[in-house]
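**Q** Just a sequence and a predicted model for now, questions to come.
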Amino acid sequence: MFVCTTGENSQTQNLSTQHQNLNSKSTMQITKSLKTISLCAVLLTAALATAQAANVTKLDTTTMNGGAADWSAAPAAADIGEFGATPSAGTLAAMTLGGNLTLGGLQLDSTMAGPLTIASGSTLTIGTQSANCLKVTNNATINCALTLTLGANTWNVASGNTLTIGGAVALGAGNIVTITGGGSVNAPALNTGNGTGGIVITTAGGTVSDPSITIQKTGATTTTIPTAGSPVSAPTSAGFYVNGAGTIVNLGQLLVSTGNGGCSGRIDAGDVTVGLRFRSHAILSVIDARHRCATVSIGL
């Protein structure tokens with residue numbers, strides 16, 4: 001049996017095929033358009049993120065919270081406040097916040113005309129730039145209160161320079177402060193709060209002095225009493241951790257695991273002296289200094 005297709009049916013099929021082709025092309029065009037829009041959105045987001053974190057340079061004024069009167073542009077909360085060659089030595093020596101100030105980070109260049117001293121009064125909050133929380137290539141003294149809101153904060157002090165923090169430092173619970181570079185740091189009492197935070201010291205040949213470090217809790221715990229052959233080894237990214245060849249750490253007291261379960265510190269390289277006391281509130285808390293390049297001296 002033969003089936004004949006009339007001209008009318010043939011035209012209907014052709015129209016149907018053309019309609020399907022048009023739909024297919026339209027779908028492809030819409031898909032391409034959506035991809036283009038998505039790509040533009042990603043690029044715009046990246047551009048906005050870049051724009052949000054800029055360096056603003058300090059002008060030759062003795063205050064820091066005056067917006068565009070004190071900086072090259074009014075600093076946003078994510079911006080890095082940079083001290084370069086513009087402020088005179090006298091201005092740097094008489095610096096004040098002039099009111100509470102929030103910056104993404106603080107950068108002190110080697111081109112500064114002299115040491116920076118920020119007087120006590122008001123609070124400097126640093127909260128977005130982890131790697132550039134404090135980047136110091138000159139001598140500086142910060143006597144105002146300092147609040148760190150990031151989970152991880154890096155104090156990078158270059159060799160030959162000294163950073164002295166005379167004001168109180170407020171750390172969020174579980175935050176980590178990493179002290180690095182080859183310079184010297186004189187810090188106030190530091191308390192990591194109730195969380196998996198810590199003080200990590202990785203200076204190379206530098207010195208760190210602190211009257212009191214309190215590590216309330218860290219991730220290294222055990223249900224077995226540690227021995228010389230099987231010590232508790234704290235994480236190298238939290239807790240109390242020192243790893244810097246030639247580094248000297250002088251502490252008034254080191255309090256570990258106050259009010260929490262067992263934890264420990266770890267020293268891979270460097271010399272640590274605890275002048276007044278080492279105290280642990282947990283029976284399973286120890287200091288692991290098994291490496292020959294690390295020493296611990298604890299006073300009574």
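**A** That came in fine, so what should we check first?

**Q** Show the low-confidence segments of the stretch 1-150 of the chain, by residue range.
**A** 1-52 (pLDDT under 70).

**Q** can you do 80?
**A** For the stretch 1-150 of the chain, the stretches with pLDDT under 80 are 1-53, 128-132.

**Q** Could I get the buried residue list for whichever strand or helix holds Thr125?
**A** In the assignment (DSSP states H and E), Thr125 maps to strand 123-126. For strand 123-126, burial by neighbour count (16 or more other Cβ atoms under 10 Å) applies to 123-124, 126. C-beta: built from backbone N, CA, C; applies to glycine.

**Q** May I see those residues arranged in JSON lines, with distance to Gly104 as well?
**A** Output for the buried residues of strand 123-126, formatted as JSON lines (distance: Cβ to Cβ, whole Å):
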{"residue": "Thr123", "distance to Gly104": "16"}
{"residue": "Leu124", "distance to Gly104": "12"}
{"residue": "Ile126", "distance to Gly104": "7"}
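
**Q** ok, the residue nearest to Leu103 when sequence neighbours are not counted - contacts?
**A** Excluding the flanking residues, the one nearest Leu103 by Cβ to Cβ, 6 or more residues apart in numbering is Gly81, at 4.6 Å. Contact partners of Gly81, counting by Cβ atoms under 8 Å, 6 or more residues apart in numbering, are 56, 58, 64, 71, 75, 103, 105-107.

**Q** Pick out whichever of these sits closest to Cys144.
**A** Met64 (9.3 Å; Cβ to Cβ).

**Q** Is the closest one in a helix, a strand, or coil?
**A** Here Met64 takes the coil state, with states given by DSSP: H, G, I helix; E, B strand; the rest coil.

**Q** from what I can see it touches Ala94, true?
**A** No - contact criterion Cβ atoms under 8 Å: Met64 and Ala94 do not qualify, at 11.8 Å.

**Q** Secondary structure element holding the residue nearest to Leu103?
**A** strand 80-83.

**Q** going on from that strand, what's the next piece of helix or strand?
**A** Sequence order places helix 89-93 as the next helix or strand after strand 80-83, per DSSP H and E.

**Q** What lies in contact with that following helix?
**A** Here helix 89-93 has contacts from 60-62, 83, 112-117, using Cβ under 8 Å, 6+ apart.

**Q** beta partners of the residue nearest to Leu103?
**A** Val56, Leu106 (DSSP bridges).

**Q** For it, give its distance to Leu97.
**A** 11 Å (Cβ to Cβ, to the nearest Å).

**Q** List the residues that are in contact with both of these two.
**A** Taking Cβ under 8 Å, 6+ apart as the contact rule, Gly81 and Leu97 both touch Met64.

**Q** In contact with the nearest residue to Leu116 once chain neighbours are set aside, which residues?
**A** In space, and not counting its chain neighbours, Leu116 is closest to Ala140: 4.3 Å by Cβ to Cβ, 6+ apart. The contact partners of Ala140, by Cβ under 8 Å, 6+ apart, come to 108, 115-118, 161-164.

**Q** if we go to 7 Å?
**A** 108, 115-116, 163 (Cβ atoms under 7 Å, 6 or more residues apart in numbering).

**Q** Please produce a ChimeraX select command covering the buried subset of the residues you listed.
**A** Buried members of these, defined by 16+ other Cβ under 10 Å, are picked up in ChimeraX with:
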select :108,115,116,163
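
**Q** okay, the contacts of Ala140 in JSON lines with secondary structure and distance to Ser212 next?
**A** Putting those into JSON lines (DSSP: H, G, I helix; E, B strand; the rest coil; distance: Cβ to Cβ, whole Å) gives the following:
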{"residue": "Leu108", "secondary structure": "strand", "distance to Ser212": "26"}
{"residue": "Pro115", "secondary structure": "coil", "distance to Ser212": "26"}
{"residue": "Leu116", "secondary structure": "strand", "distance to Ser212": "25"}
{"residue": "Leu163", "secondary structure": "strand", "distance to Ser212": "18"}
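
**Q** Fine by me, we can end here.
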